[in-house]
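> Structure of the sequence below:
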Amino acid sequence: MVISSLSRRARTAVVAALSAVALALPASTSAAGPPDHGWRDLPAAATPDTNPLKGFIPYAGSYSTFPHSMEWFYLPLNAVMTGPDTFDWKPLEDQLNAIAARGHQAAFRFYLDYPAKPSGIPQFLLDQGLLTRPYDDFDNNGLSVSPDYDDPRLAAALDTFIAALGKRYDGDPRAGFIQLGLLGFWGEWHTWPHNGDPGTENWFASQAQQLRVLTAYDKAFDKTKLMVRYPSTDNAALDLGYHDDSFAYSTLPGPGWHFMDLMQQAGTTGKWLNAPVGGELRPELQGCLFAVPMQCGGDGDNNFADGVTQTHVSWLLNHYAFSPGYTGTTYDNALAAAKSIGYELRVAAVRTSHQRRGLDVSVRFQNDGVAPFYYDWPLQLAAVGRDGRIARTWSTPWKLSTVKPGAPVELSTALRTAGLRKGDYTLVLRAANPMRGGLPLRFATAGQDTTVPGWLTLGRTRIS
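Numbers count the residues shown, from 1 in each chain. Presented below is the predicted three-dimensional model:
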C-alpha cells in the first residue's frame, strides 16, 4: 500500500482504528498509515572515502592529505617496562591519547630490536647479563642488538609484559589492532639473514619460545584484535589475525614463502572471516603502484587488486599517501584502492510492524567489501523528532561482526515506545564508535548523515 495514495478521510480512519506506527521511505513530510509488514528497499550509495578501522593509514601524526581513520606507531619495550614487574605506561598513553584526539584509532607493536634505532631491551635484562649480538645489517652499524630470545630471563619478562599489557589495554577503544611484535628485527618475527641458512647462525627464537609468546598473547587478550606476522600451524587455531608487511610484493602464492603460500600451508586461508588481516604496502611500491602507467619494476607481485582479493586485508600502512602524497589520477587510483579493502556495509532494506507494546524493526544488512567489521560496536536505533533532536535511543542485540561479505543478514528487535510522545519521528540507525570523539561508521546507503550526523536515516514513522 502506498500511504500517499489514500484520501485524507481514509488515512484518518486507518490511524484512528489501528493506532498505527508506520514506516515509510525517507521524506521531508510526515506520513501516517497502517502497520507495514513488507520490506522497503533502501538505495545504495557510494563507498565512503573513510571509515573506522580500514583503509590506508600513516605513521602517527597529523595529516590532511589523504582520508584515514587509524594511525600506526612502534614503541621499544624499554619505554614502558622499567623492571621485572614494574611499568611506566605514559609513553603508550601519550601516543594513544594524541591519536584519539585526532578522532583516530591506533595500530601498534612493541619491539626489542629495531635496526638503526637504539635497543629496546629493558635495562634490567642487560644488567642481568642477557646475551646480545651486534650486527651491521639494514644500516644498523651496531646501534641495535639482537637478544638471545630463548634466555629464560627474557622469556619470563615477556610473559610478564604481555599479561600486564592485556590486563590494562584489552578492550581499550583507542587500540584498533595490536601486533604481537617483540621477536625479531622490527618485531617482525624474523632475523634474516641470520636465520640458519647455510653459513649463518640462527638468531631467531626457537619454536617453543615463539609458541610461548603466541599463547601468552592469546590468553591476555579477548577483545582487542591481535595480529602476528606469519601464518603457521602453531598459530592457526589461536584467536590471532595476520599482517603482511610486504603487501603487493611477496603476497601472492608461487615461490612457497610468500604470504599466501604460508596461509595455504597453515590452512588459514579462511581465517579472515573471524580474524583480521592488515599490514604494510611494501615501501618501494607506495610511490609507483597507483601511477598510470604503473611504474614499479623489480621482481614483486605488483598486483594490488589480486592481493586484496586473496588476503581479505582490512588496512595497510602506506605513509607515502600522506607524505609526500599523491596527486591527480594517481591520487584517485590510490583512493579507490584504499576504499577497496576492508568492509563495505550497507542497509539494503527495512521492515517495521506495530505491536501492542511498541515497534518491531527488522533490518537487512549487507557487506559488499572483502572483510567483515571485526568488532561488535553497539548497534543503536533512535527516534528523531520534528525538531531534529533524538527523542529516544534503543540499544539492539545485533552483532555487526556477523555480517560477512556476500552473506546478507536479517536482524530484528522489538522497541518499547511507551512514554514516547505521540507524533511524527524519523527512525535512524548507527554503529556507535566506543571511543569518544571517534569517527562514525558510515553505511554505503543513501540517507547516511541526512537527518543526524553519524546516523543512517531509515524512514519516517508516526506514533499515535
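> Which parts of the stretch 301-450 of the chain are strands?
Assigned by DSSP state E, counting those that start in this stretch, the stretch 301-450 of the chain shows strands spanning 315-317, 345-355, 358-367, 379-384, 390-395, 409-416, 423-431.
> so where do the helices sit in the stretch 101-250 of the chain?
123-127, 152-169, 207-220 (DSSP state H, counting those that start in this stretch).
> What residues of the shortest one count as buried?
Residues of helix 123-127 classed as buried under the neighbour-count rule (16 or more other C-beta atoms under 10 Å) are 124-125. For the C-beta atoms, the positions are set from N, CA and C on the backbone; glycine is no exception.
> Mean pLDDT lowest where, among the strands of the stretch 301-450 of the chain?
For the strands of the stretch 301-450 of the chain, the bottom mean pLDDT is recorded on strand 345-355, which sits at a mean of 92.
> Given that strand, what are its sheet partners and their directions?
strand 40-41 (antiparallel), strand 358-367 (antiparallel) (DSSP bridges).
> Is it possible to get CSV of those that adds mean neighbour count and distance to residue 198?
Conversion of the strands paired with strand 345-355 to CSV gives the following (neighbours: other C-beta atoms under 10 Å; distance: least, C-beta to C-beta, whole Å):
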stretch, mean neighbour count, distance to residue 198
strand 40-41, 13, 64
strand 358-367, 20, 48
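> Identify whichever of the ones you listed lies nearest to residue 55.
Nearest to residue 55 among the strands paired with strand 345-355 is strand 358-367 (15.7 Å), distances taken as C-beta to C-beta.
> can you list contacts of that closest one?
21, 39, 343-354, 373, 381, 398, 400, 403-418, 427, 429, 458, 461, 463 (C-beta atoms under 8 Å, 6 or more residues apart in numbering).
> Out of those residues, which end up buried?
Among the contacts of strand 358-367, the ones that count as buried by 16+ other C-beta under 10 Å are 21, 343-354, 373, 381, 398, 400, 403-405, 411, 413, 415, 417, 427, 429, 458, 461, 463.
> average pLDDT for the helix or strand harbouring residue 100?
Per DSSP states H and E, residue 100 falls inside helix 90-101. Averaging the model's pLDDT scores along helix 90-101 yields 98.
> same check, this time on stretch 206-214
For stretch 206-214, the per-residue pLDDT values average out at 98.
> For it, C-alpha coordinates in CSV please.
Backbone C-alpha positions of stretch 206-214 (Å, rounded to 0.1, in the frame of the first residue of the first chain) are rendered in CSV as follows:
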residue,chain,number,x,y,z
SER,A,206,63.0,-21.3,19.0
GLN,A,207,59.7,-22.7,18.0
ALA,A,208,59.0,-23.3,21.7
GLN,A,209,59.6,-19.7,22.6
GLN,A,210,57.5,-18.5,19.6
LEU,A,211,54.6,-20.7,20.8
ARG,A,212,55.1,-19.3,24.4
VAL,A,213,54.7,-15.7,23.1
LEU,A,214,51.7,-16.7,20.9
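> Which residues does it contact?
For stretch 206-214, contacts defined as C-beta under 8 Å, 6+ apart pick out 149-150, 155, 158-159, 162, 180, 182-183, 189, 205, 228, 234-235, 238, 240.
> and the most centrally placed residue in the chain, backbone torsions?
Nearest to the geometric centre of the chain sits residue 53, at 3.0 Å (C-alpha atoms, centre = their mean). Backbone dihedrals for residue 53, given as degrees, to the nearest 10, come out at phi 60, psi 30.
> Which residue ranges of the stretch 101-250 of the chain form strands?
Applying DSSP E, counting those that start in this stretch to the stretch 101-250 of the chain gives strands spanning 105-111, 132-134, 145-147, 175-179, 225-228, 241-247.
> where does this structure have low pLDDT?
In the predicted model, the chain carries pLDDT under 70 at residues 1-37.
> Could you rerun that using 50?
Within the chain, the segments meeting pLDDT under 50 span 1-36.
> and the helices of the stretch 101-250 of the chain as a markdown table, adding distance to residue 134?
As requested, those are exported to a markdown table (distance: least, C-beta to C-beta, whole Å):
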| stretch | distance to residue 134 |
| --- | --- |
| helix 123-127 | 13 |
| helix 152-169 | 17 |
| helix 207-220 | 21 |
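> Identify whichever of the ones you listed lies nearest to residue 264.
Using C-beta to C-beta as the criterion, the shortest distance between residue 264 and the helices of the stretch 101-250 of the chain is 19.8 Å, found for helix 207-220.
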